[in-house]
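Participant: Give me a model of this one.
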Amino acid sequence: LLYTIKFEFILLKMTNSHIYENPCLTQDQNTPQTPVGEPAIKETNPETTPNYGTLLRLGTLPDPETLPKPLPQIALSEDTNACFENGIKNCSFTFFLVTLAVSLGGALQFGFALGTMTNTFSIIQQSLRASDTVMSCVVAANPVGGLVGVVIAGTMTETLGRRATIILNAVPYLLGCFLVAQASHYAMLIAGRIIIGVGVGIGSITTTVILPELSPVSIRGGVGALWGFILSVGTLVAFALSIPEVIGEGDTGWRVFMAFPILPALFQSVILFFCPESPPFIAHKSNDSEKAARALAFYRKHLLKTELDSLDEQARGANVIPLSYKHILTDPGLRLILMVGSGLMVAQQLSGINGILVYSNEIYTQAGVSNPMMAVTVSGGVRLIGTVVAIWLNDKIGRKILMWVGMFGISLSCLMIAVSQICAGGVWSCQGDWNGIVGLTFLLTYATFFGLSASAIPNIFVGEAFPVDAKGKGCSMCVTFQWVLHIIILISFDSIDRALAPYTFFLFTGITFISAVAVILFMPETRLKTSEQIAREVDLQARKAIPTVF
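Facilitator: Residues are numbered from 1 along each chain as shown. Take a look at the predicted model:
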């Protein structure tokens, strides 16, 4: 049934994609005008062209190759482009469905993995009679697998394609969830979580790569910001489904809970199976802009000339052989994107967010908050609201200003959190019972600024800035920094906090302040720019002795 629906949808696209009524134009303007120097679009002869309604009634479905292929070069007036300026009005249902599927298979899985062990740690330890050392290995298994997935995903997306990589990513989830659900020994549990982690790592790359390629330029930032929102949702889902009231205290509940990732993985693979490859990837890989335009017709209500021109430019610069890691490291423009993207990932991880998520109860207690459990819940909700606002602001004011304002806000919040911890610990003689109020206020401020900036903008930037032929490997290299630092912070935060307490957050104050200054100096703005425009501007910036944006 799904295959038939897909075939009929292709028929409709191939026969009607170049003939449409534009609701934004008057009746007279709906007649397309042929640009000077370009061949006119031939009118379809109804006597010789297969009619979809007739074919459907007769039950005859011809080979798509025998149908007339419309010219992808569609003449549109400036009024048409202005009408669809916000981009979202021109996105088809297929675009929204694929965006949802890819986000669930990437960001939701990542967020779910972060919250998996919070409530199930003691239940699993009792069920398998595992020691603390073994349980530490169980916790670390998922990020270790994620690091492996990130490393191999870059090559997979460049050689197999974005769509095939996403479809095949269901395999590690199927295998890993099976091992976890059937684990009779802690070794099976560790192996299963490592394999699931590989799927999480691959998903974090494919989401970063494919969403900017499918999205219209004018809403690309908002679509990319879905990463932070859905990741937060995934963490909340993990918390909600893993409480003892839901999974119980027995040996079965936690196994069913651990197998949850198989659902979004299968949903993602099934949806992508019936959708075409990323149009920019097709144009660059096959040097065929017409084929790319027909794929783009799946994701748009109308084909706009600006996007078709971009596909033409990518097809003309096609490189059938993917760029090597060496080329990314030696090319000045690509190396600058790699440095800025990796720097953003470092700023994200060294802002202290992972420590706050894992050791939130202790941090709230140190800050003088009387009810840390309630404060953790409120903080998660505030961070979620921040990511929702970021979806709207990313395409209104740009990624760069959001990032540096957010990092300055995080820096100020860390400073005040440190002050409240010092006063609550009695190191400074602070008069009045205001420590808890200040600590809670600025921990919520921290969550807000993080949701607005560092939660998603690093992934948005690397997905936008790298050109198509370097996007897979470039994103893989940047996100590798993210995962390595994620593992290091998880392992070392408690020791750092014990060594520096109550001055720990002074360290994060300095790191985030320096990060904000670096963003102002070196991060190029990518808002409302095509990948070709970004590449040209970055090349000019890279030629400077000190490659600042000024």
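Participant: State whether Val369 is indeed within a helix.
Facilitator: No: the assignment for Val369 (DSSP: H, G, I helix; E, B strand; the rest coil) gives coil, which keeps it out of a helix.
Participant: so it makes contact with Gly436?
Facilitator: Yes: Val369 is in contact with Gly436 according to C-beta atoms under 8 Å; the separation is 5.0 Å. C-beta coordinates here come from the backbone N, C-alpha and C atoms, glycine included.
Participant: Looking at these two, which one has more neighbours?
Facilitator: Neighbour tally, Val369 and Gly436, criterion other C-beta atoms under 10 Å: the higher count belongs to Val369, 23 against 19.
Participant: quick one: contacts for the residue nearest to Leu485 when sequence neighbours are not counted?
Facilitator: Excluding the flanking residues, the one nearest Leu485 by C-beta to C-beta, 6 or more residues apart in numbering is Gln349, at 3.7 Å. If a contact means C-beta atoms under 8 Å, 6 or more residues apart in numbering, then Gln349 has 481-482, 485-486, 489 as its contacts.
Participant: Most neighbours among these, which one?
Facilitator: Counting neighbours by other C-beta under 10 Å, the top entry in these is Gln482, with 22 neighbours.
Participant: before we move on, back to that, which per-residue confidence value corresponds to the residue nearest to Leu485?
Facilitator: At Gln349, the model reports a pLDDT of 92.
Participant: cool, Ile210 as well?
Facilitator: Note on Ile210: pLDDT of 95.
Participant: Closest to Ser379 out of the contacts of Gln349?
Facilitator: Of all those, Ser379 sits closest to Ile489, with 17.9 Å by C-beta to C-beta.
Participant: Which helix or which strand is home to the closest one?
Facilitator: Ile489 is part of helix 468-500 when elements are defined by DSSP states H and E.
Participant: now that helix: how far from the chain's centre is it?
Facilitator: Chain-centre distance of helix 468-500: 16 Å, with C-alpha atoms, centre = their mean, to the nearest Å.
Participant: helices or strands up against it?
Facilitator: Helix 468-500 makes packing contacts with helix 132-159, helix 186-214, helix 279-286, helix 325-330, helix 332-349, helix 353-358, helix 457-465, helix 504-522 when contacts are defined by 3 or more C-beta pairs under 8 Å, 6 or more residues apart in numbering; DSSP states H and E.
Participant: Would you mind finding the most buried of these?
Facilitator: Neighbour counts (mean count of other C-beta atoms under 10 Å) averaged over each of the helices and strands packed on helix 468-500 peak at helix 457-465, with a mean of 29.
Participant: Just the CA trace of that one, in PDB.
Facilitator: Below are the C-alpha coordinates for helix 457-465, written out as PDB (Å, rounded to 0.1, in the frame of the first residue of the first chain):
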ATOM      1  CA  ILE A 457      23.400  26.600  17.600                       C
ATOM      2  CA  PRO A 458      26.700  24.600  17.400                       C
ATOM      3  CA  ASN A 459      24.900  21.800  15.500                       C
ATOM      4  CA  ILE A 460      23.100  24.400  13.300                       C
ATOM      5  CA  PHE A 461      26.300  26.100  12.400                       C
ATOM      6  CA  VAL A 462      28.300  23.100  11.300                       C
ATOM      7  CA  GLY A 463      25.300  21.800   9.300                       C
ATOM      8  CA  GLU A 464      25.000  25.100   7.400                       C
ATOM      9  CA  ALA A 465      28.600  26.100   7.000                       C
END
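Participant: which residues touch Ser342?
Facilitator: 477-478, 481.
Participant: Would you enumerate the residues in contact with Cys478?
Facilitator: Taking C-beta under 8 Å, 6+ apart, we find Cys478 in contact with 338, 341-342, 344-345, 458, 462.
Participant: swap the cut-off to 7 Å and go again
Facilitator: Under the criterion of C-beta atoms under 7 Å, 6 or more residues apart in numbering, the contact list for Cys478 reads 338, 341-342, 345, 462.
Participant: mind checking the SS state of Val171?
Facilitator: Put simply, Val171 is helix when judged by three-state DSSP.
Participant: how much space between it and Ser204?
Facilitator: Val171 sits 17 Å away from Ser204, going by C-beta to C-beta, to the nearest Å.
Participant: How about Gly386?
Facilitator: In terms of C-beta to C-beta, Gly386 sits 20 Å off from Ser204.
Participant: residue ranges with poor pLDDT in the stretch 401-550 of the chain?
Facilitator: For the stretch 401-550 of the chain, the stretches with pLDDT under 70 are 426, 429, 431-434.
Participant: Which two of the contacts of Cys478 have the greatest separation?
Facilitator: Spanning the widest gap among those are Leu338 and Met345, at 10.6 Å by C-beta to C-beta.
Participant: Next, the contact list for the closest residue to Leu214 other than its chain neighbours, please.
Facilitator: Nearest non-adjacent residue to Leu214, counting by C-beta to C-beta, 6+ apart: Tyr299, 5.7 Å away. Tyr299 sits next to 91-92, 94-95, 214 when contact means C-beta under 7 Å, 6+ apart.
Participant: Just want the phi and psi numbers for Tyr299.
Facilitator: Backbone geometry at Tyr299, expressed as degrees, to the nearest 10, gives phi -100, psi 0.
Participant: cool, the one 3 residues further on as well?
Facilitator: Main-chain torsions, His302, degrees, to the nearest 10: phi -130, psi 140.
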